[in-house]
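A.B. asks: Structure here, sequence nowhere to be found:
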């Protein structure tokens, strides 16, 4: 069994975030999109995709934590609104989820029973009131997977309308097939920034993988940090993870746990 102190240290490591080059690039993209919030003209949008385990959700969470909601002149300001496609993925339920994430949970169910137009109007009003500068919608592929043809076009049109009327850039995040939204004419030219979070490849910039495992090793809760950058160790960790950040992190989380527990 772990002591309370060991458990605290393990949880700190399990929650660690390493910013490597592609993450920095995406964060800079988010910053640039937010800078256009107060300017006239069309607000560009962004598409961010990556396979499972590449760290999309962790990236979004980390960025949001840098710009948490705060009261300004008596109003709760939400500079970065992060939402996720709900379990019943429809246009209306997605708009309701965005409103809930803005702290408007009390009225969304009633509006949801009326129609999507009222939800849209309420959302645009709240975005302006809350000073929202960027909307990030995670797992967006779930919405377009469950809505084809006319429904998908309606989704594209409604998000375009929100983008225009609220004057807020939107980031759509999901698995690689989330790019299908770009097939809709309303969005093909609007997605001016497109990024992909890839798995690590030793054939392409192996130093990024080595820098990542060094960063993780330096954050392990031990007085003497392990050397994970030796070639044999780095190759072994890559072989275990196949370049997937989540798999690598799970393996190292377990390694730290067993080390803290000590010999049986």
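C.D. replies: Thanks, I have the structure now. The shown structure was predicted, so the numbers you read here are calculated from the model rather than taken from an experiment.
A.B. asks: Let me know the secondary structure of residue 8.
C.D. replies: helix (DSSP: H, G, I helix; E, B strand; the rest coil).
A.B. asks: Which per-residue confidence value corresponds to it?
C.D. replies: pLDDT recorded at residue 8 is 93.
A.B. asks: for the chain, what helix or strand is lowest in average pLDDT?
C.D. replies: The least trusted helix or strand in the chain, going by mean pLDDT, DSSP states H and E, turns out to be helix 105-114, with a mean of 54.
A.B. asks: Give me the below-cutoff pLDDT ranges for the stretch 51-200 of the chain.
C.D. replies: Along the stretch 51-200 of the chain, segments meeting pLDDT under 70 span 105-116.
A.B. asks: same thing but 90
C.D. replies: Residue ranges of the stretch 51-200 of the chain with pLDDT under 90: 71-76, 87-90, 103-119, 144-156, 177-190.
A.B. asks: ok, residue 51 - contacts?
C.D. replies: By Cβ atoms under 8 Å, 6 or more residues apart in numbering, the contact set of residue 51 is 175, 176, 199, 244. Backbone N, C-alpha and C define where each C-beta goes, glycine included.
A.B. asks: What of residue 36?
C.D. replies: By Cβ under 8 Å, 6+ apart, the neighbours of residue 36 are 43, 44, 169.
A.B. asks: Highest neighbour count among the residues you listed?
C.D. replies: Ranked by the number of neighbours (other Cβ atoms under 10 Å), the contacts of residue 36 place residue 169 first, at 27 neighbours.
A.B. asks: which residue packs closest to that residue, ignoring adjacent ones?
C.D. replies: Among residues not flanking residue 169 along the chain, residue 33 sits closest, at 4.0 Å (Cβ to Cβ, 6 or more residues apart in numbering).
A.B. asks: Buried residues, the one helix or strand that neighbour maps to. List them.
C.D. replies: Taking DSSP states H and E as the criterion, the element that holds residue 33 is helix 21-35. Residues of helix 21-35 classed as buried by neighbour count (16 or more other Cβ atoms under 10 Å): 22, 23, 26, 29, 30, 33, 34.
A.B. asks: quick one, phi psi at the closest residue to the fourth one other than its chain neighbours?
C.D. replies: When you say that, I think you mean residue 29. Sequence neighbours aside, residue 193 is the residue nearest to residue 29 in space, at 5.2 Å (criterion: Cβ to Cβ, 6+ apart). Here is the backbone geometry of residue 193 (degrees, to the nearest 10): phi -120, psi 130.
A.B. asks: I'd say residue 25 and residue 195 touch.
C.D. replies: Yes - counting by Cβ atoms under 8 Å, residue 195 is a contact partner of residue 25 at 6.9 Å.
A.B. asks: what's the first-to-last distance across stretch 166-185?
C.D. replies: End-to-end distance for stretch 166-185: 20 Å, by Cα to Cα, to the nearest Å.
A.B. asks: Please, where are all the helices along this structure?
C.D. replies: In the chain, the helices defined using DSSP state H lie at 4-14, 21-35, 56-66, 91-101, 105-114, 116-129, 141-145, 149-166, 185-188, 206-218, 231-241, 245-261.
A.B. asks: by contact count, what packs against the second one?
C.D. replies: Counting contacts by 3 or more Cβ pairs under 8 Å, 6 or more residues apart in numbering; DSSP states H and E, helix 21-35 is packed against strand 45-50, helix 56-66, strand 134-138, strand 169-174, strand 191-197.
A.B. asks: and if we set it to 7 Å?
C.D. replies: Packing contacts for helix 21-35, counted by 3 or more Cβ pairs under 7 Å, 6 or more residues apart in numbering; DSSP states H and E, involve strand 45-50, helix 56-66, strand 134-138, strand 191-197.
A.B. asks: The third one too?
C.D. replies: Contacts of helix 56-66 with other secondary structure elements, assessed using 3+ Cβ pairs under 7 Å, 6+ apart, are made with helix 21-35, strand 80-84, strand 134-138.
A.B. asks: Just the buried subset of the contacts of residue 51, please.
C.D. replies: The neighbour count (16+ other Cβ under 10 Å) marks 175, 244 as buried among the contacts of residue 51.
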